[in-house]
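How does the following fold in three dimensions:
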Amino acid sequence: MKENNYLALGGSEMSDNVDDYYMILKEMKMEEQNYLESVLIVTSNDVLRDGIVAWQAVKCERIRPSSKAYQEKCPYEGSIDKWNWLWGQTRFNQEHFAIVADVKSQDINKLYTRMTALRLIYPDGTIPNTVKGFLRNTLKAKFPQPREKKEKKEPKELDN
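From the prediction side, this is the model:
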């Protein structure tokens, strides 16, 4: 695949130092409960839902900015700044994402921006557990599994 198909928000070289990246990613995942309201938007938006499902099939890579301003450690303290820093260290193939999400190439940036801003996806190619739970519950509601009939057991008589 061509390099220009990748959305790289911070450069294009792969990083050797992943300590801060994964530490902050873990921190952001722990804040998941602070963004539960975002799941409500997914309930009425099929494009977002399909994008979230597709995101799990997209290969994400950690990158290192090639500029001299590169810092091995995240220089930010605030949650939003750290979140943006993480995404600035990540790249993925836009064309592949557009195909899997069934979105026109010119609309993929809009979808990506919404999903990241609402924290419906993570830079490592995963999705929040709350979103995953919602998707699974929606699936179960649309395709309920038949319940197995339990045999009625007769009460045992006590031997005296």
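
would residue 61 count as being in a strand?
Yes. Counting by DSSP: H, G, I helix; E, B strand; the rest coil, residue 61 is found in a strand.

Bridged to it, which residues?
Beta-bridge pairing for residue 61 (DSSP bridges): residue 91.

Around it, count how many other residues there are.
17 (other CB atoms under 10 Å). In short, each C-beta sits where N, CA and C put it, glycine included.

ok, now how distant is it from residue 144?
39 Å (CB to CB, to the nearest Å).

residue contacts, the residue sitting nearest the centre point of the chain?
In the chain, the C-alpha nearest the mean C-alpha coordinate belongs to residue 121, at 2.2 Å (CA atoms, centre = their mean). Listed by CB atoms under 8 Å, 6 or more residues apart in numbering, the contact set of residue 121 reads 51-52, 55, 115, 127.

Figure out the helix or strand that it lives in.
Counting by DSSP states H and E, no helix or strand carries residue 121.

Buried residues, the helix ranked longest in the chain. List them.
In the chain, taking DSSP state H as the definition, the longest helix is helix 129-142. By 16 or more other CB atoms under 10 Å, the buried positions in helix 129-142 come out as 130-131, 134-135.

and the next element down the chain from the lowest-mean-pLDDT helix or strand in the chain?
Averaged element by element with mean pLDDT, DSSP states H and E, the chain has its least confident helix or strand at strand 13-14 (a mean of 41). The helix or strand immediately downstream of strand 13-14 is helix 19-30, counting by DSSP H and E.

next structured bit after that next one?
Immediately after helix 19-30, counting by DSSP H and E, sits helix 38-43.

other SSEs contacting that following helix?
helix 46-55, helix 129-142 (3 or more CB pairs under 8 Å, 6 or more residues apart in numbering; DSSP states H and E).

mind checking which of those is nearest residue 156?
Counting by CB to CB, residue 156 lies closest to helix 129-142 out of the helices and strands packed on helix 38-43; the figure is 35.9 Å.

which residues touch that closest one?
Taking CB under 8 Å, 6+ apart as the rule, helix 129-142 contacts 32-33, 36, 38-39, 42-43, 49, 52-53, 120.

Counting neighbours, which of those residues comes out on top?
Neighbour max across those (other CB under 10 Å) = residue 52, 24 neighbours.

any idea how far residue 73 is from it?
30 Å.

For the residue nearest to the centre of the chain, give me the backbone phi and psi.
With angles defined as degrees, to the nearest 10, residue 121 sits at phi -140, psi 160.
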